[in-house]
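Trainee: this one's sequence-less:
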């Protein structure tokens, strides 16, 4: 069983950009030119091949990353069309983890937009080589040099123009290849046919200057090229291609191309650039992992079919025809249909009954998959996103995928009792697909709470519950989980003396309540001498006091951070009972609680806002208006990081407000910090 193309001819790439920069349209054109599609779909018509979810067609946006395989000039290209909306940034994150290279798409009018920055920094984190494509050169306001400048200032990138646009806005008719010094003019509706001709005379000076800049930048990266450049030799197009590839793979530069996907101009040349400048799995080289038994012991797998099988599960979807599908990236070895594989992360055996090559939601069955491939396997029961799959005889644990925690919550409930179980099962399936989506039942309110990374994220989840799983739900806001505590010491006595059916019961204790250290919860301490009260009744007193403190005196919220101390008691051996001491202790604790200046506490979160420097003032002012206490401001690359402690009750809807304040360029994470005294908002 042999592979159809050698691993050096495989390209695993993603297309990443801000929402509406043209990622899906570009993917449609690529599929058309590579023969996967015989007709181009359009996003605005809801006919795009990779946007197959109903929600994607309606909104004209990509929500899930779609995997597509195509062939170009003997190369196999696996493409993942990723979402551009910030709420689905986890889709980009998990795609970047398994991709070898990426096309960064920029709108020629808007340039570097907020989500472009987010995905660019994610690509830096995963060290993914990339080329840039400046799309929409036919639009009014298109400005190629401005996009290059924005890449330098906003992304800290080093863009290198490999093409120049021939015309702009409504006069855009083609591109100029700086390496060959040729103009490429597209002369038919679908852009399949184009002619190469000499550079127009009026553009000769601009082309020579841009080519000179390209040569100088590449000469800086390569000693051999530098020597030839300094000696005045003419550097050939092939030498420049070799230098461009080397510098791109080393993440030292970003080659920039241009065109108009919607008008079918420049996409074939972009495909040529993918195979020329983006890495194959062998260029990326070995994959690191560690031993299952010892995390300190590093292990590696080379991208070879002869190595033991190792793969990473990076995405799970529910297909209406096949059921649960697990997408995997194979780093080494061969996987044959029907083989048993080992899930190291969960210590479970799985069987790859079928291996599918996916083209969005179309499927092709394979006999085997090889190193470097991205394929889908149906019906894997135990595998989750980020799990390592490998040969049972040669286990290895690959680095998993880290996702940001959900930052927004909503309460949901099924519209009918009959749908209650179905709702829980559907939410479980959705949480398996999406690692940034979680749900739980609030122990205090009994509400079912769903959590995600933004309002649109949760809106899509609710929409999918209704359409895909046929479970309509009612949506509301969850209640903030307030607490109560005391601020001063207080002491009270509790007595329980009763005669019932001829049996006397006696219990008498004095309890002192003291404020406890934050995070300590409810604690009990016995300061009596051992002979004062038998241990059995001390235990009863503890049980009664702790039980009484579960409900606060102000609004009935649970109490936290209190030390209940048994300081005195009376003992009657004949009539003492466990119940009497528990009740007496409960009375004493409640009375002391009312005298100890009780207050309501609210959950406070440590919020970290990442924003460009020009919006720091607005961000701090807004956090202050939300009763936030700014803890500090720090620099991260070309961005500013503001940290603040903010009450949870003031954070609902913050994600929308932050995007409004920062023109969508700010993002934030939050984590529970502790409880602090509420400021009369309850």
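Mentor: Sure thing, it's come through. What you are looking at is a predicted structure, and each value in this text was computed from that prediction instead of being measured.
Trainee: Lowest-scoring secondary structure element of the protein by mean pLDDT?
Mentor: Among the helical and strand segments of the chain, the one scoring lowest on mean pLDDT, DSSP states H and E is helix 54-59, with a mean of 39.
Trainee: What is the subsequent helix or strand relative to it?
Mentor: Proceeding C-terminally, helix 54-59 gives way to strand 66-72 as the next helix or strand, assigned by DSSP states H and E.
Trainee: for that next one, which positions count as buried?
Mentor: Of the residues in strand 66-72, those buried under the neighbour-count criterion (16 or more other C-beta atoms under 10 Å) are 66, 67, 68, 69, 70, 72. Where C-beta positions appear, they are placed from N, C-alpha and C, glycine not excepted.
Trainee: Turn those into JSON lines, columns for distance to residue 25 and pLDDT.
Mentor: Listed next are the buried residues of strand 66-72 as JSON lines, based on distance: C-beta to C-beta, whole Å; pLDDT from 0 to 100:
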{"residue": "66", "distance to residue 25": "13", "pLDDT": "53"}
{"residue": "67", "distance to residue 25": "18", "pLDDT": "71"}
{"residue": "68", "distance to residue 25": "14", "pLDDT": "78"}
{"residue": "69", "distance to residue 25": "19", "pLDDT": "84"}
{"residue": "70", "distance to residue 25": "16", "pLDDT": "85"}
{"residue": "72", "distance to residue 25": "18", "pLDDT": "91"}
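Trainee: For residue 476, state which of the residues you listed is nearest.
Mentor: For the buried residues of strand 66-72, the closest approach to residue 476 (C-beta to C-beta) belongs to residue 66, at 32.8 Å.
Trainee: Show the average pLDDT along stretch 475-488.
Mentor: Within the predicted structure, the mean pLDDT of stretch 475-488 is 80.
Trainee: In three-state terms, how would the residue nearest to residue 11 when sequence neighbours are not counted be classified?
Mentor: Excluding the flanking residues, the one nearest residue 11 by C-beta to C-beta, 6 or more residues apart in numbering is residue 77, at 4.7 Å. Judged by DSSP: H, G, I helix; E, B strand; the rest coil, the three-state class of residue 77 is strand.
Trainee: how close does residue 77 get to residue 5?
Mentor: Relative to residue 5, residue 77 is positioned 10 Å away (criterion: C-beta to C-beta, to the nearest Å).
Trainee: okay, now residue 441: neighbour count?
Mentor: Residues near residue 441, counting by other C-beta atoms under 10 Å, number 10.
Trainee: list the contacts for the residue nearest to residue 488 when sequence neighbours are not counted?
Mentor: In space, and not counting its chain neighbours, residue 488 is closest to residue 597: 4.7 Å by C-beta to C-beta, 6+ apart. Contact partners of residue 597, counting by C-beta atoms under 8 Å, 6 or more residues apart in numbering, are 486, 487, 488, 490.
Trainee: Need the phi and psi values for residue 597.
Mentor: Residue 597 has phi and psi values of phi 50, psi 70 when expressed as degrees, to the nearest 10.
Trainee: From residue 575, how far off is the residue of the chain most remote from its centre?
Mentor: Most distant from the centre of the chain: residue 502, at 68.4 Å, with distances by C-alpha atoms, centre = their mean. Between residue 502 and residue 575 the distance, using C-beta to C-beta, works out to 12 Å.
Trainee: Same question for residue 493.
Mentor: Taking C-beta to C-beta as the measure, residue 493 falls 18 Å from residue 575.
Trainee: For residue 511, list each beta-bridge partner.
Mentor: Here residue 511 sits in beta bridges with residue 492, residue 566, as judged by DSSP bridges.
Trainee: Make 602 the first number, not 1, from now on.
Mentor: All set: I'll call the first residue 602, so the last point we hit is now residue 1112.
Trainee: you'd agree it is up against residue 1166?
Mentor: Yes. Judged on C-beta atoms under 8 Å, residue 1112 makes contact with residue 1166 at a distance of 6.9 Å.
Trainee: buried sites along stretch 1155-1162?
Mentor: For stretch 1155-1162, the neighbour count (16+ other C-beta under 10 Å) marks 1158, 1159, 1160, 1161, 1162 as buried.
Trainee: got a list of what the third one touches?
Mentor: When you say that, I think you mean residue 1160. If you count contacts by C-beta under 8 Å, 6+ apart, then residue 1160 has 1084, 1085, 1086, 1087, 1123, 1150, 1151, 1152, 1153, 1194 around it.
Trainee: Which phi and psi values does the third one adopt?
Mentor: Here is the backbone geometry of residue 1086 (degrees, to the nearest 10): phi -150, psi -180.
Trainee: circling back: bridging residues for the residue nearest to residue 612?
Mentor: Beta bridges link residue 678 to residue 612, residue 671, judged by DSSP bridges.
Trainee: so how far is residue 1154 from it?
Mentor: As for residue 678, its distance to residue 1154 is 67 Å (criterion: C-beta to C-beta).
Trainee: Please apply the same query to residue 636.
Mentor: Distance, residue 636 to residue 1154, by C-beta to C-beta: 74 Å.
Trainee: So those two - more neighbours on which side?
Mentor: Just comparing residue 636 and residue 1154: by other C-beta under 10 Å the higher neighbour count belongs to residue 1154, 17 against 10.
Trainee: For the stretch 1002-1151 of the chain, which segments are assigned as strands?
Mentor: Per DSSP state E, counting those that start in this stretch, the stretch 1002-1151 of the chain carries strands over the ranges 1009-1015, 1039-1042, 1049-1053, 1074-1077, 1084-1087, 1091-1101, 1104-1116, 1123-1127.
Trainee: Report how many residues lie close to the residue nearest to residue 612.
Mentor: Counted with other C-beta under 10 Å, the neighbours of residue 678 add up to 21.
Trainee: and what of residue 1152?
Mentor: Counted by other C-beta under 10 Å, the residues lying close to residue 1152 total 14.
Trainee: residues touching the residue nearest to it when sequence neighbours are not counted, list them.
Mentor: The spatial neighbour of residue 1152 that comes closest, neighbours along the chain excluded (C-beta to C-beta, 6+ apart), is residue 1159 at 7.0 Å. With contacts defined as C-beta under 8 Å, 6+ apart, the neighbours of residue 1159 are 1045, 1084, 1085, 1151, 1152, 1153.
Trainee: so how far is residue 968 from residue 981?
Mentor: Looking at residue 981 against residue 968, where the rule is C-beta to C-beta, the gap reads 18 Å.
Trainee: more crowded one of those two?
Mentor: Higher neighbour count among residue 981 and residue 968: residue 981, with 23 against 9, using other C-beta under 10 Å.
Trainee: in a strand, that's where that one is, yeah?
Mentor: No. The assignment for residue 981 is coil, going by three-state DSSP, so no strand is present there.
Trainee: element containing the nearest residue to it once chain neighbours are set aside, please.
Mentor: Across the structure, with C-beta to C-beta, 6+ apart as the measure, the residue nearest residue 981 apart from its sequence neighbours is residue 927 (4.6 Å). Following DSSP H and E, the helix or strand that holds residue 927 is strand 924-933.
Trainee: Measure how that strand sits relative to strand 667-673, angle-wise.
Mentor: Between the axis of strand 924-933 and that of strand 667-673 there is an angle of 50 degrees, by axes from the mean of the first three to the mean of the last three C-alpha atoms, to 10 degrees.
Trainee: Sketch out the low-pLDDT regions of the stretch 1052-1201 of the chain for me.
Mentor: When residues are selected by pLDDT under 70, those of the stretch 1052-1201 of the chain lie in 1054-1057, 1078-1082.
Trainee: So for residue 763, what's the pLDDT?
Mentor: The predicted local distance difference test score for residue 763 is 95.
Trainee: Next, count neighbours for it.
Mentor: Around residue 763 there are 26 residues (other C-beta under 10 Å).
Trainee: From residue 1052, how far off is the residue nearest to residue 1089?
Mentor: In this structure, residue 1198 lies at 35 Å from residue 1052, with C-beta to C-beta as the measure.
Trainee: do residue 754 as well
Mentor: Following C-beta to C-beta, the distance that separates residue 754 from residue 1052 is 36 Å.
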